[in-house]
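1. have a look at this prediction, sequence included:
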Amino acid sequence: MQLFRWFCLCLAVVALAGCASRPINARLDKADPQVGYRPHLLIPKRQNNELSTLFVMAFSGGGTRAAAFSYGVLEELRRTEIVVDGKKRRLIDEVDLIAGVSGGSFTALSYALYGDRMFDEYVQRFLKRDVQGELLARSLNPFNWWRFVGGSAGRSDMAADYYDEILFDGATYGDLLDKHNVPLAIATGTDLSTGSRLGFFQNDFDLLCSDLSKFRLARAAATSSAVPIVLSPITLNNYGGSCGYQYPDWVKAYVGRADASGVSGRPLRRYQEMEDFQKSKERPYIHIVDGGVSDNIGARGILEALEELAASAEFRGQVGFGVVREIVVVLVNSHSSPGINWDQQETPPGMISQLLQSSGVPIDRYSFETVETMKDRAEITSWRRELLVAQAMLAGMTTEQAEAKVPKITLRVVDVSFGAIGDRKEREYFMNLPTSFVLEPEEVDKLRTVAGKLLRQSARYRAVVQRFGGTMGD
């Protein structure tokens, strides 16, 4: 009887409290490419940064495993000294942009918000906290049900409030606009209806005619980590088509071309996605889930941006790309592969195991192809320049003239993943760490340590450090 009365009391509290409404993303009256959280506006303002090198990182999804692994990579970059214009600097100061997905988005956004302060606080405030347990406890607490039952808010909105309490302190993207000593951080989510990628930077929010500067970082992280079913989608109001948005110049290089069959399909596909976001009359609401659904590495946006830059000289000028002579892309991939013993038994796995495996395998395969495609892009960039120089020489130019006509842009891709661990038992240890938002403290520390170790043993990373006249950290 007491249990029944307690349950009735909880229901009464929920009913009296009413249903919670989700935060409404702000409308943007006029899309202005010279205002807002945009790479081409903020990267040139970076302090102690070499503008001829574009240094980009991608932090994959994978819960706390991904957050700790990517944090370990940042720690190693912070330890690595380089020399620029005769002055000693840290390699981390050269990082211009970090794309983060799910667990990786927490590390990216935290560094963008706190800078060096992050290295004093992040481990205790987030990495070694039982985030998953606290979220579960809040979800099961009847006094919290009014926040995500029956209203427009969901479990991910409750999670966003918790992330503000423990990590982001209510900060918005507007708070990042004047932070010129840290890289930009772009968390990514997935449009549940179309599978399209949506990045949390003003360029993509222009498509929704929404003002990103008023959007909370905690809500961006909650969106990027909103695993379907486990957590609810984050819903955004779509005002697209009402703010005079103009497509970037690279679109003109693709749309309507007579030889469109000979160009890359990725930018064309992105253009179609951009069109879909602007159909606010048909789609007044956009429901966004975990960014890992569309790109668990966080590198697809980087890959598409490289192709968009290659397509249009006007676009390269528009975003100030003309001074760039080297691009460094570091892919931090915390992909895991827990061992299974299904093939040792005659009885097949159950429905839940089949469902998890069936959804996970395509994501893992797509992630692998993304990494390999990025590596291939580095080779293609080199070959393309060699062909253009040869064409110029065939047209009558001297070698010196041809070299001067075609600027040399070097693309370096560094892949950091558990697959590079040489020792089988050690590799299996990290591969078997769960995808969750809670790990044992010693597991967090081991992830941080192995991240630095993998970077130091990477020949591609050593080449980057050598390029800057740097020395490896201890």
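-> Ah, there it is.
2. so which residues of the stretch 51-200 of the chain form strands?
-> 53-59, 81-84, 87-90, 97-101, 184-191, 197-199 (DSSP state E, counting those that start in this stretch).
3. now for the ones you listed, which one comes closest to Phe215?
-> Closest to Phe215 of these is strand 184-191 (CB to CB; 10.3 Å). To be clear about C-beta, it is placed using only N, CA and C from the backbone, and glycine gets the same treatment.
4. so which elements touch the closest one?
-> Applying 3 or more CB pairs under 8 Å, 6 or more residues apart in numbering; DSSP states H and E, one finds that strand 184-191 contacts strand 97-101, helix 103-114, strand 197-199, helix 217-224, helix 265-277, strand 285-290, helix 292-295.
5. mean pLDDT, mean neighbour count and distance to Glu440 for these - can I get that in JSON lines?
-> Formatted as JSON lines, the helices and strands packed on strand 184-191 follow (pLDDT from 0 to 100; neighbours: other CB atoms under 10 Å; distance: least, CB to CB, whole Å):
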{"stretch": "strand 97-101", "mean pLDDT": "96", "mean neighbour count": "30", "distance to Glu440": "23"}
{"stretch": "helix 103-114", "mean pLDDT": "97", "mean neighbour count": "28", "distance to Glu440": "16"}
{"stretch": "strand 197-199", "mean pLDDT": "95", "mean neighbour count": "22", "distance to Glu440": "33"}
{"stretch": "helix 217-224", "mean pLDDT": "96", "mean neighbour count": "29", "distance to Glu440": "22"}
{"stretch": "helix 265-277", "mean pLDDT": "85", "mean neighbour count": "17", "distance to Glu440": "40"}
{"stretch": "strand 285-290", "mean pLDDT": "94", "mean neighbour count": "22", "distance to Glu440": "24"}
{"stretch": "helix 292-295", "mean pLDDT": "86", "mean neighbour count": "24", "distance to Glu440": "23"}
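6. pipe the ones you listed into CSV and attach distance to Asp169 per row.
-> Output for those, formatted as CSV (distance: least, CB to CB, whole Å):
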stretch, distance to Asp169
strand 97-101, 18
helix 103-114, 8
strand 197-199, 23
helix 217-224, 9
helix 265-277, 30
strand 285-290, 23
helix 292-295, 26
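7. nearest to Val323, of those?
-> Of the helices and strands packed on strand 184-191, the one closest to Val323 (CB to CB) turns out to be strand 97-101, at 15.7 Å.
8. gap between that closest one and the chain center?
-> Mean-position distance between strand 97-101 and its chain equals 3 Å (CA atoms, centre = their mean, to the nearest Å).
9. got the angle between that strand and strand 285-290?
-> 90 degrees (axes from the mean of the first three to the mean of the last three CA atoms, to 10 degrees).
10. what comes into contact with strand 97-101?
-> Defining contact as CB atoms under 8 Å, 6 or more residues apart in numbering, one finds that strand 97-101 is touched by 39, 43, 54-61, 66, 70, 106-109, 111-112, 183-188, 199, 224, 290-292, 295-299, 301-302.
11. direction included, what does it pair against?
-> strand 53-59 (parallel), strand 184-191 (parallel) (DSSP bridges).
12. so what touches the shortest one?
-> This means strand 53-59. Contacts for strand 53-59 (CB under 8 Å, 6+ apart): 43, 66, 70, 73, 94-101, 103-105, 107-108, 183, 297-299, 302, 321, 324-332.
13. so can I have a markdown table of the strands of the stretch 51-200 of the chain showing distance to Asn238?
-> Compiled in a markdown table, the strands of the stretch 51-200 of the chain are given as follows (distance: least, CB to CB, whole Å):
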| stretch | distance to Asn238 |
| --- | --- |
| strand 53-59 | 27 |
| strand 81-84 | 43 |
| strand 87-90 | 41 |
| strand 97-101 | 22 |
| strand 184-191 | 10 |
| strand 197-199 | 11 |
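14. just those: most buried one?
-> Ranked by mean neighbour count, the strands of the stretch 51-200 of the chain are led by strand 97-101 with a mean of 30 (mean count of other CB atoms under 10 Å).
15. if you rank every helix and strand of the chain by mean pLDDT, what lands last?
-> Lowest by mean pLDDT, DSSP states H and E among the helices and strands of the chain is helix 2-17, with a mean of 42.
16. that one: what's the following helix or strand?
-> helix 39-42 (DSSP states H and E).
17. buried sites along that next one?
-> Pro39, Leu41, Leu42 (16 or more other CB atoms under 10 Å).
18. show me what it is packed against.
-> Using 3+ CB pairs under 8 Å, 6+ apart, no helix or strand is in contact with helix 39-42.
19. check contacts around the closest residue to Val131 other than its chain neighbours.
-> Of all residues not flanking Val131 in the chain, Phe437 sits nearest, at 4.0 Å (CB to CB, 6 or more residues apart in numbering). Neighbour list for Phe437: Gly63, Thr64, Gly103, Val131, Gln132, Leu135, Ser225 [criterion: CB under 8 Å, 6+ apart].
20. please apply the same query to Pro267.
-> Trp250, Tyr254, Glu304, Glu307, Glu308, Ala311.
21. what do you get for Ala253?
-> Counting by CB under 8 Å, 6+ apart, Ala253 touches Ala311, Ser312, Glu314, Phe315.
22. quick one: what helix or strand has the last one in it?
-> For Phe315, the host element (DSSP H and E) is helix 313-318.
23. averaged pLDDT, that helix. What do you get?
-> Across helix 313-318, the average pLDDT comes to 73.
24. any residues touching that helix, and which ones?
-> For helix 313-318, contacts defined as CB under 8 Å, 6+ apart pick out Pro33, His40, Pro248, Asp249, Trp250, Lys252, Ala253, Glu308, Leu309, Phe321, Gly322.
25. now those residues in a markdown table, with pLDDT?
-> Converted to a markdown table, these look like this (pLDDT from 0 to 100):
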| residue | pLDDT |
| --- | --- |
| Pro33 | 93 |
| His40 | 90 |
| Pro248 | 88 |
| Asp249 | 83 |
| Trp250 | 82 |
| Lys252 | 76 |
| Ala253 | 73 |
| Glu308 | 79 |
| Leu309 | 77 |
| Phe321 | 72 |
| Gly322 | 69 |
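26. pick the one among those residues closest to Ser337.
-> For those, the closest approach to Ser337 (CB to CB) belongs to Glu308, at 33.0 Å.
27. put the buried members of the contacts of Phe437 into a ChimeraX selection.
-> Applied in ChimeraX, the following selects the buried portion of those according to 16+ other CB under 10 Å:
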select :63,64,103,131,132,135,225
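28. next, Val416: secondary structure please.
-> Under DSSP: H, G, I helix; E, B strand; the rest coil, Val416 falls in the strand class.
29. hmm, it is touching Val73, no?
-> Yes: between Val416 and Val73 a contact is recorded at 6.1 Å, counting by CB atoms under 8 Å.
30. which neighbours do these two share?
-> By the contact definition CB under 8 Å, 6+ apart, Val416 and Val73 are jointly contacted by Val330, Val332, Ala451, Leu455.
31. tell me how many other residues surround the second one.
-> By the criterion of other CB atoms under 10 Å, Val332 has 31 neighbours.
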